[in-house]
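# have a look; sequence and predicted model below, questions after that.
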Amino acid sequence: MSAVVDEATIRSRYEACGQGHVLEHLLSSDLSTDEKKEFLNQLANIEVEKLDGLLKSALEDQKKTSSSDDITPFSKDVARSTDVDTISKARAVGLEAIAKGQVAALVLAGGQGTRLGFDGPKGMYDIG
């Protein structure tokens, strides 16, 4: 388990960014104490303060497109938080892993994992 985080601090950060609704999940009586702690740890690691700027950049970029038929990448890096050298090294490691056959991809349709015998969304199914 990760370091203990303060729920009030997390709640304050998320509410300040207009994302307080995310914490409504904590009110569920279905969550154990450990699950609530893990959820808070996950929220603590999200840079929620950047969401508004990222959304505004994406929307501004979207306004600039000439047609809804044109699909193009954003004109600028709206979410880059890693330096170019690290990205380059990570890309090289990734390509090497692909060349060695060490990478796999699994695509699942959205929805619940009922037919997998899993009580939750397929994206949460442990394939490991």
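Great, that's in hand. Numbers count the residues shown, from 1 in each chain.
# shaky segments in the chain?
1-4, 28-29, 65-81 (pLDDT under 70).
# break down it into its helices, ranges please.
Secondary structure of the chain, counting by DSSP state H: helices at 7-16, 33-44, 51-64, 84-99.
# spatially central residue in the chain, please.
Geometric centre of the chain, nearest residue: Ile46, 8.0 Å, by CA atoms, centre = their mean.
# quick one: that residue from Ser32, how far?
Using CB to CB, to the nearest Å, one gets 21 Å for the distance from Ile46 to Ser32. Just so you know, the C-beta spots here come from the backbone N, C-alpha and C atoms, and that holds for glycine as well.
# so who does Val103 touch?
Gly94, Ala97 (CB atoms under 8 Å, 6 or more residues apart in numbering).
# how far away is it from Ala97?
Val103 is 5 Å from Ala97, by CB to CB.
# ok, Leu40 next?
33 Å.
# more crowded one of those two?
Neighbours per residue, other CB atoms under 10 Å: of Leu40 and Ala97, the larger number sits with Leu40, 20 against 11.
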